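In: 3D model of this:
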Amino acid sequence: MIKGFKEFIAHGNVIDLAVAVVIGAAFGAVVTAVVENIINPLISLFWKADPKGNIGFTIHGLYGDVVFPIGNLITALISFLAVAVVVYFVFVYPMNTFKERRAAKLAAGVEEPEGLPTEQELLVQIRDLLEKQKS
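Out: Predicted structure coming up:
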């Protein structure tokens, strides 16, 4: 079980996922700051905020005025849309384009190179070249 866990950690996807979570959290903080410091003041031009800073509709109830803070809802929606747009255009769209191009190459019969040779293959090639030079 421990060996399987070590392979899982060493596989590399876990590190990528951890980096994505950290970057996502940092980006979420940036989006929240933009919404709170730019978008909310623009919204407050149209709706008057109550003493607590909530923006929304005021209803007169039995025990006083009640404010339905739609400003928080608008903030959450704008934050979500901003994050979704960035994730789509930075990650999803390029990956889909890459997959489509790769599928088109495979369908056309164009083979991709297998990648770089291993160290052992390079050493064998060097050995063979040195033997040819001696002859």
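In: helices and strands around the helix or strand hosting V34, which ones?
Out: Assigned by DSSP states H and E, V34 falls within helix 13-34. On a contact count with 3 or more C-beta pairs under 8 Å, 6 or more residues apart in numbering; DSSP states H and E, helix 13-34 meets helix 70-87. (C-beta placed from N, C-alpha, C; glycine too.)
In: What is the helix it packs on packed up against?
Out: Using 3+ C-beta pairs under 8 Å, 6+ apart: helix 70-87 touches helix 13-34, helix 40-44.
In: redo that, cut-off 6 Å
Out: Applying 3 or more C-beta pairs under 6 Å, 6 or more residues apart in numbering; DSSP states H and E, one finds that helix 70-87 contacts helix 13-34.
In: Buried ones in the helix it packs on, by neighbour count?
Out: Within helix 13-34, the residues scored as buried using 16 or more other C-beta atoms under 10 Å are 31-32.
In: relative orientation of it and helix 70-87 in degrees?
Out: 140 degrees (axes from the mean of the first three to the mean of the last three C-alpha atoms, to 10 degrees).
In: Can I get helix 13-34 in CSV? Just the C-alpha atoms.
Out: What follows is helix 13-34, C-alpha atoms only, in CSV (Å, rounded to 0.1, in the frame of the first residue of the first chain):
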residue,chain,number,x,y,z
ASN,A,13,0.0,14.7,-11.5
VAL,A,14,-0.2,15.3,-7.8
ILE,A,15,2.3,18.1,-8.0
ASP,A,16,0.5,19.6,-11.0
LEU,A,17,-2.7,19.5,-9.1
ALA,A,18,-1.2,21.1,-6.1
VAL,A,19,0.2,23.9,-8.2
ALA,A,20,-3.2,24.4,-9.9
VAL,A,21,-4.9,24.7,-6.5
VAL,A,22,-2.5,27.2,-5.2
ILE,A,23,-2.6,29.3,-8.4
GLY,A,24,-6.4,29.0,-8.4
ALA,A,25,-6.6,30.3,-4.8
ALA,A,26,-4.3,33.2,-5.7
PHE,A,27,-6.3,34.0,-8.8
GLY,A,28,-9.6,33.8,-6.7
ALA,A,29,-8.1,36.4,-4.4
VAL,A,30,-7.3,38.7,-7.3
VAL,A,31,-10.8,38.4,-8.7
THR,A,32,-12.4,39.0,-5.3
ALA,A,33,-10.3,42.2,-4.9
VAL,A,34,-11.2,43.4,-8.4
